[in-house]
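Q: Fold the following.
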Amino acid sequence: MAKTRILVPIDETELLRILYVDNLWWTTGRVPEAKTPIFRRWDYYKLLETLDNPRINAIVGARRVGKTTLMYQLIEHIIDKVEPTRVMYITLDDPYLKITAESLETILGLYAKYVLKEALSELKETVTPLMKGT
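A: Numbering: from 1, shown residues only. The predicted model follows:
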């Protein structure tokens, strides 16, 4: 028998709180030092070469090999060049966000309305969404 997952809509205020906790650079202007060790792996430099490419890149690997650290290092690099609010990090397997197509649309709408303060369709400058799956 298949399990049915009942999704309870999460409050928009709670969604924004989670986003701000996961994207501290929106308020501090920096990625916390503890999340960005000085050591840079080869993958970091390879991904830097692809940042201006509109294609989607996937970072895959076993658990606890440094994928999230790599993402934070890339975020640190990006916010040295753009307004920190123009970089959003989402963990797709966050148990509180319960990501679905609908909730992702809600999250992007909240990000546009309360963080960017402009509609995504009106953007003229680059915004870099970074999403981490399982």
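
Q: Go ahead and name everything in contact with the helix ranked longest in the chain.
A: Once the chain is assigned using DSSP state H, the helix that runs over the most residues is helix 67-79. Here helix 67-79 makes contact (CB atoms under 8 Å, 6 or more residues apart in numbering) with 25, 29-31, 35-37, 40-41, 43-44, 47-48, 51, 59-61, 87, 89, 128, 130, 132. Just so you know, the C-beta spots here come from the backbone N, C-alpha and C atoms, and that holds for glycine as well.

Q: SS state for T106?
A: Assigned with DSSP: H, G, I helix; E, B strand; the rest coil, T106 falls in the helix class.

Q: all helices of the chain, in order?
A: 12-22, 25-28, 42-48, 67-79, 101-110.

Q: could I get the ones you listed as JSON lines with mean neighbour count and distance to E122?
A: Compiled in JSON lines, these are given as follows (neighbours: other CB atoms under 10 Å; distance: least, CB to CB, whole Å):
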{"stretch": "helix 12-22", "mean neighbour count": "14", "distance to E122": "20"}
{"stretch": "helix 25-28", "mean neighbour count": "15", "distance to E122": "19"}
{"stretch": "helix 42-48", "mean neighbour count": "13", "distance to E122": "28"}
{"stretch": "helix 67-79", "mean neighbour count": "19", "distance to E122": "21"}
{"stretch": "helix 101-110", "mean neighbour count": "14", "distance to E122": "13"}
